[in-house]
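>>> Fold the following.
(one chain, ligands or ions: 1)
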Amino acid sequence: MDTKTRLLQKKQELENIIKAKQQQMMIPLAEFTDELSLYDEHPADIGSEVFEREKDFGILELYELELEKVNNALERLEAGKYGLCEMCGNPIEPARLQRLSHTTLCAGCARQTQDEFIRPAEQDVITAGAMADLGETFQISGHDFYDH
Ligand SMILES: [Zn+2]
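Presented below is the predicted three-dimensional model:
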């Protein structure tokens, strides 16, 4: 599969997830609670249901950010700049591109900028990342982002 196909698939996948999440979040809280109990092993009081819901918004933001990255990668592909590091201009490691098809940074630069999608579970990375303005909601959601 070539890069463009992979990116387009990823884009489609993310758009589907975002759409599903958005629909899920339009469900009134009472119904939403029933939904939650299907996969939430912990008994929940109303406070934690609201909390869970807020967490979902954080997750949605993450997916939207990732979709933005995929779109950006597609644009770079069209412009013939795909696979080159946005910061230092060197080619991005092939293994890294394979794993993160929408990355715009080489491993070295990503470490410097603390790309939150490489190590999503680390709070310090997340708060230092582009989404830091989301505050607590984002930090909480970061832990679960790859669990589902
Ligand atoms: Zn670089």
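>>> May I ask you to name the longest helix in this structure?
For the chain, the helix with the greatest residue count under DSSP state H is helix 46-78.
>>> Now it: buried residues?
49, 52-53, 55-56, 58-64, 66-67, 69-70, 73-74, 76-77 (16 or more other Cβ atoms under 10 Å). Using the backbone N, CA and C atoms, a C-beta is placed for each residue, glycine as well.
>>> just stretch 83-103 next, same as before
So for stretch 83-103, counting by 16+ other Cβ under 10 Å, buried means Gly83, Leu84, Cys85, Ile92, Arg96, Leu97, Leu100, Ser101, His102, Thr103.
>>> one step back: could you export the next helix or strand after the longest helix of the chain as PDB, CA atoms only?
Next in sequence after helix 46-78, counting helices and strands by DSSP states H and E, comes helix 94-99. Extracted C-alpha coordinates of helix 94-99, given in PDB (Å, rounded to 0.1, in the frame of the first residue of the first chain):
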ATOM      1  CA  PRO A  94      11.700   5.200   7.300                       C
ATOM      2  CA  ALA A  95      10.700   3.000  10.300                       C
ATOM      3  CA  ARG A  96       9.200   6.000  12.000                       C
ATOM      4  CA  LEU A  97       7.200   7.000   8.900                       C
ATOM      5  CA  GLN A  98       6.000   3.400   8.700                       C
ATOM      6  CA  ARG A  99       4.700   3.700  12.300                       C
END
